[in-house]
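Q: Task: produce atomic coordinates for the following.
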Amino acid sequence: MLSENYRPRIFTWNIHGSYLYYLSLGDYIIYLPFDEKRSERYCGRGTTYPYGPSVIEIPMQEVRNIEFDIVLFQNDENYFSDQYNILSEEQRQLPRIYLEHDPPWGHPTDTEHPVKDPTITLVHVTHFNDLMWKTDLPDVRVITHGVSVPSHSYTGTLKKGIVVINNLPSRGRMLGYDIFKKVKDKIPLDLVGMGASAFGIGEVLHPQLPEFMKQYRFFFNPIRYTSLGLSVCEAMMIGLPVVGLATTELASVIKNEKSGFIHTDIEYLIAKMQLLLDVPSVAYGMSQASSQCAKELFDINRFTATWKKLFIQKTATKTVQL
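A: Prediction:
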């Protein structure tokens with residue numbers, strides 16, 4: 001039986017940098033492959049996130065020579081093609097976990113999850129995702145987000161709202177581009193993220209984002225259908241009141257009129273944004289509730305401890321599978 005002090009060795013790909021950063025804060029070792037071009041899925045550690053020494057990048061041609069305990073898939077490409085291109089046959093027999101970051105992009109309730117192998121553990125990042133995906137896998141779990149407490153706290157001095165979404169114009173209605181434009185006609189909003197330069201602000205790197213966000217009066221999430229964005233969790237941890245649609249996981253995260261405002265009526269949300277701009281005391285009152293809620297929901301120690309427990313459980317089965 002493995003000791004709780006054992007540090008499992010996890011092989012995965014760099015898919016969602018911010019999620020990987022928070023995952024890397026746990027007591028295990030993460031190996032990432034890279035190729036000569038540092039191409040998509042094979043960029044190693046990259047240069048954006050301050051990963052610690054427990055995140056080790058290895059040339060893709062050396063992967064088959066390294067001993068791992070677990071393979072962690074994070075998208076369909078990892079599962080259906082990457083593993084066959086980079087892992088040895090023996091490594092492909094290791095305990096495997098599929099981390100599902102998203103809800104189904106097809107029919108929201110009847111889409112079958114593509115992973116059918118009953119030996120694989122499927123992990124969802126929200127209960128909403130678990131609710132919507134159709135699967136018969138015997139081991140399906142939910143590990144909700146964890147984010148660290150930033151050193152920067154809410155000031156709300158800037159009489160504007162902030163939206164943090166990458167490539168929003170090209171991602172259309174699902175992520176609420178039309179809603180963003182409608183609201184922006186009436187409420188001062190800044191859009192931050194890749195592909196946002198047309199709105200005056202482009203990408204703000206993750207390490208600088210808390211300092212940048214803290215000055216805004218509120219955080220607006222126009223997304224109709226998605227998982228729960230880490231930027232929402234981070235904004236709440238800083239103390240920003242969150243305004244958003246009462247859909248997907250956000251409906252269970254925001255306490256309406258306490259830590260923010262949620263509704264499916266856009267005009268209601270616009271009125272509440274105007275209230276936050278006109279009456280700063282309302283925003284400052286919500287700030288503490290938002291931060292406290294985030295600390296309860298997104299505790300980083302709970303997050304990494306839950307992942308380590310799963311890694312230990314899966315590692316303990318390795319000799320049986322081999």
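
Q: need the strands for the protein, in chain order.
A: Under the criterion DSSP state E, strands of the chain are mapped to 9-11, 29-34, 55-59, 70-73, 96-100, 121-124, 140-142, 158-164, 189-192, 216-221, 242-245, 260-263.

Q: The first one: how far from the chain's middle?
A: If I follow you right, that is strand 9-11. In terms of C-alpha atoms, centre = their mean, to the nearest Å, the centre of strand 9-11 is found 20 Å from the chain centre.

Q: for it, packing partners?
A: Other helices and strands packing on strand 9-11, by 3 or more C-beta pairs under 8 Å, 6 or more residues apart in numbering; DSSP states H and E, are strand 29-34, strand 70-73. Heads up, the C-betas are built off the backbone N, CA and C, glycines and all.

Q: so which of the strands of the chain is the most packed in?
A: Highest mean neighbour count of the strands of the chain: strand 216-221, a mean of 28 (counted as mean count of other C-beta atoms under 10 Å).

Q: Report the beta-bridge partners for Arg41.
A: Residues in a beta bridge with Arg41, per DSSP bridges, are Asn14.

Q: Can you give the domain ranges for this structure?
A: Using automatic domain parsing, the domains assigned to the chain come out as 9-146+300-321, 158-297.

Q: Can you check which of those gets nearest to Ser3?
A: Proximity to Ser3 (C-beta to C-beta) singles out domain 9-146+300-321 among those, at 8.7 Å.

Q: for the closest residue to Gly176 other than its chain neighbours, what are its contacts?
A: Once flanking residues are discounted, Gly176 sits nearest to Pro222: 3.2 Å by C-beta to C-beta, 6 or more residues apart in numbering. Pro222 makes contact with 163, 165, 175-177, 179-180, 183, 244-245, according to C-beta atoms under 8 Å, 6 or more residues apart in numbering.

Q: can you tell me which two in those are farthest apart?
A: Tyr177 and Gly244, at 14.8 Å, using C-beta to C-beta across these.
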